[in-house]
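Student: Fold the stuff below for me.
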Amino acid sequence: MTWIGLTSENEFYSAHYLSEIFTNDVRGVLEAWTAREAETKESAKQQGHREAAWRTPWARLSGLSREGLQTLDGLRRSQSPQHRLKAGRELTRQLLEIFELPYAPQRVCLQERLDSPDLPLLGELKNRQGEPLLWVLEAATLEDGQDLDADPLGMQIQGDQLKSLQDLPIPKSLLKDDAPDWQKLLATSVFTQANPPRWVLLVSPFQWLLLDRAKFAQHRLLRFDWAELFARRELDTLKAVSVLLHRDSLLDAQGVCLLDSLEENAHKHAYGVSEDLKYALRECIEVLGNEAASQLVEQAKEAKKA
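Tutor: The predicted structure follows:
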């Protein structure tokens with residue numbers, strides 16, 4: 001199965017795993033969510049309510065698609081940076097709410113890194129020990145002529161982003177022509193802290209990137225293209241997106257989160273495939289060798305007859 005709008009870059013998960021194995025591995029989660037929605041629908045019906053109190057994340061994503069496309073289309077038109085920023089954050093808020101992730105924008109200063117600018121942090125999720133587990137960081141292009149749906153990793157922090165969160169002077173490092181982009185900031189400031197988050201969601205209105213600290217140096221990530229996802233509204237793809245971005249998939253359950261379990265299964269599958277290929281190759285070599293030996297024997301016999 002091909003997930004259009006969802007890309008696993010540099011094999012964050014292997015293409016074969018996502019297309020052939022992933023759906024079966026998350027079947028239990030999908031069934032539990034479906035059952036929960038059915039229960040709330042029945043409860044709402046008994047109470048005389050038209051709408052269920054809880055809907056599956058993929059149903060809510062599908063319901064948001066038309067409004068989401070309108071927001072993205074509006075952002076492409078010539079508008080003020082302030083309007084683009086406000087509209088983009090509202091879409092991000094709605095999406096984070098669907099995945100039950102926190103939205104509490106703030107301007108964060110990494111005091112241990114004097115060379116790092118303040119960061120636009122839209123939300124933070126902590127683990128059971130109170131340590132940062134997930135940071136939602138905002139990537140944005142706000143001016144006319146900029147590529148609004150560019151790769152978030154190549155974007156730089158905008159002064160308007162920070163001033164809208166806390167009206168303090170803009171760091172001088174952001175005013176330079178060679179101001180760092182998010183690729184450099186994540187590598188030199190965010191993931192190198194004494195107590196960094198395990199996960200980062202780098203979000204722009206058009207694309208989200210899910211980054212794992214352990215995989216970032218290898219440029220392995222999951223990319224979510226909202227324009228494609230909203231336009232196609234493919235149910236199976238929206239289900240996959242829901243599982244990969246949901247709060248429950250990031251939080252530990254008895255020491256292992258769902259995304260880590262998926263990684264382990266993907267690794268086991270890749271190892272199993274490698275083993276199968278190794279034995280298949282050995283068998284092919286044996287067959288070819290036996291065939292070659294038989295031909296040599298026959299040729300020798302025919303040469304003696306001559």
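
Student: Identify the residues contacting residue 75.
Tutor: 84, 87, 88, 148, 205, 206 (C-beta atoms under 8 Å, 6 or more residues apart in numbering). Yep, even glycine has a C-beta here, placed from its N, CA and C like the rest.

Student: 6 Å instead?
Tutor: If you count contacts by C-beta atoms under 6 Å, 6 or more residues apart in numbering, residue 75 has them with 84, 148, 205.

Student: Quick check: the first one touching residue 142?
Tutor: By that I understand residue 84. Yes. With contact defined as C-beta atoms under 6 Å, residue 84 and residue 142 form a contacting pair (5.0 Å).

Student: Between the two, which has more neighbouring residues?
Tutor: Taking other C-beta atoms under 10 Å, residue 84 and residue 142 do not tie; residue 84 has more neighbours (25 against 20).

Student: In three-state terms, label that one for me.
Tutor: helix (DSSP: H, G, I helix; E, B strand; the rest coil).

Student: Need the per-residue pLDDT for it.
Tutor: pLDDT for residue 84: 93.

Student: ok, now how distant is it from residue 170?
Tutor: 18 Å (C-beta to C-beta, to the nearest Å).

Student: Then residue 94?
Tutor: 28 Å.

Student: same deal with residue 44?
Tutor: 49 Å.

Student: Please identify the helix or strand for residue 107.
Tutor: strand 106-108 (DSSP states H and E).

Student: Please enumerate residues in contact with that strand?
Tutor: 118, 119, 121, 162, 165, 166.

Student: The nearest residue to residue 117 once chain neighbours are set aside - how many residues pack around it?
Tutor: Distance criterion C-beta to C-beta, 6 or more residues apart in numbering; nearest residue to residue 117, sequence neighbours excluded, is residue 171 at 4.2 Å. Per other C-beta under 10 Å, the neighbour tally for residue 171 reads 17.

Student: Could you pull up phi and psi at residue 171?
Tutor: Backbone torsions for residue 171, taken as degrees, to the nearest 10, come to phi -60, psi 140.

Student: Relative to residue 107, how far out is it?
Tutor: Counting by C-beta to C-beta - residue 171 and residue 107 are separated by 11 Å.

Student: Could I get the full set of strands for this protein?
Tutor: Assigned strands in the chain, in chain order: 6-9, 106-108, 119-126, 132-138, 199-203, 207-212, 221-225 (criterion: DSSP state E).

Student: out of those strands, nearest to residue 61?
Tutor: Residue 61 sits nearest to strand 221-225 of all those, at 10.6 Å, using C-beta to C-beta.

Student: Run me through the strand neighbours of that closest one, direction for each.
Tutor: Strand 221-225 pairs in its sheet with strand 6-9 (antiparallel), strand 207-212 (antiparallel), by DSSP bridges.

Student: ok, and what's touching that strand?
Tutor: So strand 221-225 is contacted by 5, 6, 7, 8, 9, 12, 207, 208, 209, 210, 211 (C-beta under 6 Å, 6+ apart).

Student: Quick check: the gap between the spatially closest residue to the fifth one that is not a sequence neighbour and residue 144.
Tutor: Think residue 9. Using C-beta to C-beta, 6+ apart and skipping the chain neighbours, the partner closest in space to residue 9 is residue 221 (5.2 Å). Distance of residue 221 to residue 144, given as C-beta to C-beta: 29 Å.
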